[in-house]
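Colleague: Generate a structure from the sequence data that follows.
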Amino acid sequence: MSVTIKTEPATEPVSLVEAKAHLRVDCTDDNDYITTLIKVARKYAELYQRRSYITQTLELRLDRFPRYLLELPRPPSSAVASIKYTDSAGDEQTLDASLYTTDFNSYMPRIVPAFNQSWPTTRAVIDAVLIEYTAGYGAASAVPETIKQAILLLVSHWYENREPVSLGQTPADIPKTVDALLTMEKVY
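Modeller: Below is the predicted model of the structure:
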């Protein structure tokens, strides 16, 4: 199984203005640097939580369909664009949406075959199944405040600690506060 981002988020959960206010930075000299820190902090937090924050398109690749229940990684999810598969003859097919049911209200979004249906047989090849779907809370305003706060703390930490190790100082790890905030809604 592999998940890749097909379409990156158009915005970040925390704006440059919010980050600069948190950092108490008034000048524009570091705008590009702070913008990069916001993006890196979001990616760190998403990977840590195994979630998606701002609307993005993901691709899930599987070697075959599961027995019954198919869970979509990196929740929340809101739509399935397509389910494609390599049939036993080696041809790519698109599964009709009437042949499966989606559940985006569960902790882990899931897909199951529709009533009286089963998953089609696939050829025994790598990445025989490709599911394209939309993930994320939506706009930045929909992202939980705990996540935004963790991102701001990471940005602040990295802004103040630009070197991994400074002579005569103890190395600065990711603050435990960030881990505590992100653990609250982590997907296991």
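
Colleague: going forward, measure contacts and count neighbours with C-alpha atoms only.
Modeller: Will do.

Colleague: Name the nearest residue to Ala140, sequence neighbours excluded.
Modeller: Pro13 (4.4 Å; CA to CA, 6 or more residues apart in numbering).

Colleague: State the distance from the one you found to Arg51.
Modeller: Noted for Pro13: a distance of 13 Å to Arg51, by CA to CA, to the nearest Å.

Colleague: More neighbours: which of those two?
Modeller: Pro13 (25 against 21; other CA atoms under 10 Å).

Colleague: Let me see the confidence value for that one.
Modeller: Confidence at Pro13, expressed as pLDDT, is 98.

Colleague: Three-state assignment for the residue nearest to Ala140, please.
Modeller: Put simply, Pro13 is coil when judged by DSSP: H, G, I helix; E, B strand; the rest coil.

Colleague: who's in contact with it?
Modeller: Under the criterion of CA atoms under 8 Å, 6 or more residues apart in numbering, the neighbours of Pro13 are Arg42, Tyr53, Ile54, Ala139, Ala140, Ser141, Val143, Lys148.

Colleague: For the residue nearest to the spatial centre of the chain, which non-adjacent residue is spatially closest?
Modeller: For the chain, the residue lying nearest the average C-alpha position, counting by CA atoms, centre = their mean, turns out to be Ser52 (2.8 Å). Spatially, and ignoring its direct neighbours in sequence, Ser52 is nearest to Gly136 (4.5 Å; CA to CA, 6+ apart).

Colleague: Tell me if I'm right that the one you found and Pro75 touch.
Modeller: Yes - counting by CA atoms under 8 Å, Gly136 does reach Pro75; the two are 6.6 Å apart.
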